[in-house]
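>>> just coords:
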């Protein structure tokens, strides 16, 4: 059952953007949880040059079934031309926690009607 879950990471150049990506993904139920980590120091190749930048990482907890929609949301809302979108499979985990992730990212249940 654990193989149905992934942690998806992206990075961005501001805490505000990282927080907005996290909030959007959770609000849309594309992730059960999103954690911000940072600032971090990143060094990478970009347009033929070695660049260094301060970035913020977002780690999304989700299911494999929600990955494509989450990746689309990140791509659409991200300020980078080529945002990092990397999914790492969960190979083991607390079954209670993983059940919670599935519940939070599953189809929305209709609101109960008032009597």
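Good, I have the coordinates. Quick caveat: nothing in here was measured; it's all calculated off a predicted structure. Residues are numbered from 1 along each chain as shown.
>>> what's the lengthiest helix in the chain in contact with?
In the chain, taking DSSP state H as the definition, the longest helix is helix 15-27. Applying C-beta atoms under 8 Å, 6 or more residues apart in numbering, the contact partners of helix 15-27 are 10-12, 31-36, 38-39, 56-58, 60, 62, 70, 73-74, 77-79. To be clear about C-beta, it is placed using only N, CA and C from the backbone, and glycine gets the same treatment.
>>> what are the ranges of the helices in the chain?
Using DSSP H, the helices assigned to the chain run over residues 15-27, 67-77, 95-105.
>>> Serialize the ones you listed to a markdown table and add fields for mean pLDDT.
Conversion of the helices of the chain to a markdown table gives the following (pLDDT from 0 to 100):
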| stretch | mean pLDDT |
| --- | --- |
| helix 15-27 | 98 |
| helix 67-77 | 98 |
| helix 95-105 | 95 |
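>>> Pull out the buried members of the contacts of helix 15-27.
In the contacts of helix 15-27, burial by neighbour count holds for 10-12, 31-34, 38, 56-58, 60, 62, 70, 73-74, 78, counting by 16 or more other C-beta atoms under 10 Å.
>>> just checking, which of these belong to strands?
Secondary structure assignment (DSSP state E) places 10, 11, 12, 33, 34, 38, 56, 57, 58, 60, 62 from the buried ones among the contacts of helix 15-27 within strands.
>>> Nearest residue to the middle of the protein?
residue 60 (3.0 Å; C-alpha atoms, centre = their mean).
>>> Who are the contact partners of the nearest residue to residue 54 once chain neighbours are set aside?
When the adjacent residues along the chain are set aside, residue 54 lies closest to residue 39, with 4.6 Å between them (C-beta to C-beta, 6 or more residues apart in numbering). The neighbourhood of residue 39, defined by C-beta under 8 Å, 6+ apart, consists of 15, 54, 55, 56.
>>> what's the spacing between the longest helix of the chain and its chain's center?
How far helix 15-27 lies from its chain's middle: 9 Å, per C-alpha atoms, centre = their mean, to the nearest Å.
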